[in-house]
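Q: Prediction below, plus the sequence it came from.
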Amino acid sequence: MAASSGLKGALEVMHAIKISDLIGIQKGLIKVTQSLKKMKETFQLIHNHVEPNAFHGTFRIFVSGWRDNPMLPRGLLYEGVSNEPILLSGGSAAQSSAIQCFDALLCIQHEGETGAFLTRMRDYMPPAHRHLIETLSVCPSLRDFITTCSSSDLCQGYNSCVSALVDLRSYHLNTVAKYVIVPGNRARSMGCPLRGVGTALNTTGTGGSNLMVFLKSVRNTTQKALILERPTTSRET
């Protein structure tokens, strides 16, 4: 529900830009911000239901996928489906249609390997979701619109959205450290390097990305999208 409300807000923003409806843009941005905050609240529930050692040592192996997985370098053979092993990425937050839509709405540009990885993850989304991201990506730039219209309210609304997305990504990063990095280091120190998923997956995301490098990259790029307040100039009397 939180994500769908945010996506509705994103569409409202893009429609409002076309007709220069400043109030409509602001209302849509508020919906997106509220959605991101609700998504973080929901994410926090993981700590009530999943133990880090159980996730790392048992569950994670089943969501690690068969692509860029050092334990299955050639992929996985699906008998009766293909004569050759198939390479499929595991579950990843990068496959969230809502988050990539918000990136597109807020004009957050992830470049290099990070951008390429995020684009590849769209292959695991429903076609309609992928089309929405692509549509938002080619719509008139919300960030450019706000920086040229000199509206402090819109600027604050935009920055609130970006800050909420930064906060969500920072929380995700810390959660990954708790559920993957720390248990992995503990397993190695106890002399159990192959416990659960093996040492190679301790630094690799289930989608195949370099885990902490990727998460810090998307968080830092998001933060750079914040619109800096223009310095005020004093007039001589």
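A: That came through, no problem. Residues are numbered from 1 along each chain as shown.
Q: Would you map the helices across this protein?
A: Along the chain, the stretches classed as helices by DSSP state H are 2-18, 22-43, 46-49, 52-54, 97-105, 112-121, 127-138, 142-149, 152-176, 182-189, 211-224.
Q: The longest one - contacts with which helices or strands?
A: Packed against helix 152-176 by the contact rule (3 or more C-beta pairs under 8 Å, 6 or more residues apart in numbering; DSSP states H and E) you find helix 22-43, helix 97-105, helix 142-149, helix 211-224. Every C-beta, even on glycine, is put in place using the N, C-alpha and C of the backbone.
Q: buried ones in it?
A: By neighbour count on 16 or more other C-beta atoms under 10 Å, the buried set for helix 152-176 is 154-155, 157-166, 168-170, 172-173, 175-176.
Q: Just say which of the helices and strands packed on helix 152-176 is most tucked in.
A: Highest mean neighbour count of the helices and strands packed on helix 152-176: helix 97-105, a mean of 23 (counted as mean count of other C-beta atoms under 10 Å).
Q: what is the mean pLDDT for that one?
A: On average, the pLDDT along helix 97-105 is 96.
Q: Report the inter-axis angle for it versus helix 112-121.
A: Orientation of helix 97-105 against helix 112-121 (axes from the mean of the first three to the mean of the last three C-alpha atoms, to 10 degrees) gives an angle of 130 degrees.
Q: Contact partners for L154?
A: 22, 25-26, 29, 146 (C-beta atoms under 8 Å, 6 or more residues apart in numbering).
Q: tell me the pLDDT at it?
A: At L154, pLDDT is 95.
Q: coming back round to it: same list (the helices of the chain) but as TSV, adding distance to N69.
A: Output for the helices of the chain, formatted as TSV (distance: least, C-beta to C-beta, whole Å):
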stretch	distance to N69
helix 2-18	28
helix 22-43	25
helix 46-49	23
helix 52-54	20
helix 97-105	23
helix 112-121	15
helix 127-138	24
helix 142-149	37
helix 152-176	17
helix 182-189	15
helix 211-224	13
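Q: Of all the ones you listed, which one is nearest N83?
A: helix 112-121 (24.2 Å; C-beta to C-beta).
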